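Visitor: After the sequence you'll find the predicted model.
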Amino acid sequence: MKIELNKQNMMRFRDCVNTNDLKLAEELIDSQAEFASLISPEKLYGGAGYLSVVDFMRKSFSDIHWEIVDMAAEGDKIAVNWLCSGTHDGKFMNFEPTGKKFSFSCMNFYYFNDEGKIIKDVAAQGLFGLISSLEFDQKLKEILE
């Protein structure tokens, strides 16, 4: 039963990050859940902390979208293979907008408490695929200019 609840909540979580719904984030993410992020030198907490990362991404990729490709659940954890796609239409870190569409896969592991709320998210750093792709495009542009 617990595994099924966690899987259902992962589907709701997907909707949460795609709509940036703070109320839903607070329902699905424990307020004490701590997240590390490249965008903040300090730890982020709870639904608002998690969505601050989503907000950051939307400023650079206004149409960013996450889709669950596959997930596996065991006990209090779920592994999710995400497909992330969008358009680079805003400045991202030091990378000027290219207008290019992107798509990459990333893997995250989510841990749940007894109430079915996310208490931990361990990312397999799929974002580095996006950054390296942007770096390549930037370097190519510099070479061609």
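Guide: Cool, got the structure. Numbers count the residues shown, from 1 in each chain.

Visitor: C-alpha from now on. contacts and neighbour counts both.
Guide: Will do.

Visitor: Next secondary structure after the helix or strand hosting S103?
Guide: S103 belongs to strand 101-112 when assigned by DSSP states H and E. Toward the C-terminus, strand 101-112 is succeeded by strand 118-123 as the next helix or strand (DSSP H and E).

Visitor: Now do that next one: distance to the chain's middle.
Guide: From the chain centre to the centre of strand 118-123 is a distance of 11 Å (C-alpha atoms, centre = their mean, to the nearest Å).

Visitor: How about stretch 61-81?
Guide: 9 Å.

Visitor: List the buried residues of it.
Guide: Buried residues in stretch 61-81, defined by neighbour count with 16 or more other C-alpha atoms under 10 Å: 61, 64-67, 73, 76-81.

Visitor: Those residues: which two are farthest apart?
Guide: Within these, F61 and D76 form the most distant pair, 32.0 Å apart (C-alpha to C-alpha).

Visitor: quick revisit: dump the buried residues of stretch 61-81 into TSV; add pLDDT as well.
Guide: Formatted as TSV, the buried residues of stretch 61-81 follow (pLDDT from 0 to 100):
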residue	pLDDT
F61	96
I64	97
H65	97
W66	97
E67	98
A73	96
D76	95
K77	96
I78	97
A79	97
V80	97
N81	96
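
Visitor: got those as a markdown table, with secondary structure columns?
Guide: Formatted as a markdown table, these follow (DSSP: H, G, I helix; E, B strand; the rest coil):
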| residue | secondary structure |
| --- | --- |
| F61 | coil |
| I64 | coil |
| H65 | strand |
| W66 | strand |
| E67 | strand |
| A73 | strand |
| D76 | coil |
| K77 | strand |
| I78 | strand |
| A79 | strand |
| V80 | strand |
| N81 | strand |
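
Visitor: hang on, the earlier thing: so what does the strand holding S103 touch, helix or strand wise?
Guide: strand 77-87, strand 118-123, helix 127-144 (3 or more C-alpha pairs under 8 Å, 6 or more residues apart in numbering; DSSP states H and E).

Visitor: Name the residues that touch stretch 52-72?
Guide: For stretch 52-72, the surrounding residues in contact (C-alpha atoms under 8 Å, 6 or more residues apart in numbering) are 11, 14, 17-18, 20, 37, 39, 78-92, 97.

Visitor: got the CA coordinates for that stretch in CSV?
Guide: Coordinates of each C-alpha in stretch 52-72 appear next as CSV, following Å, rounded to 0.1, in the frame of the first residue of the first chain:
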residue,chain,number,x,y,z
SER,A,52,12.7,27.9,-6.0
VAL,A,53,14.9,25.7,-8.1
VAL,A,54,12.0,25.2,-10.6
ASP,A,55,11.5,29.0,-10.7
PHE,A,56,15.2,29.4,-11.4
MET,A,57,15.0,27.0,-14.3
ARG,A,58,11.9,28.6,-15.8
LYS,A,59,13.7,32.0,-16.0
SER,A,60,16.1,30.4,-18.5
PHE,A,61,13.8,27.8,-20.1
SER,A,62,10.3,29.2,-19.9
ASP,A,63,8.7,26.0,-21.4
ILE,A,64,10.7,23.5,-19.4
HIS,A,65,8.8,20.3,-18.9
TRP,A,66,9.5,17.1,-16.9
GLU,A,67,8.1,13.7,-17.9
ILE,A,68,8.4,10.5,-16.0
VAL,A,69,9.8,7.9,-18.4
ASP,A,70,10.1,5.1,-15.8
MET,A,71,10.1,4.6,-12.1
ALA,A,72,10.9,1.8,-9.7
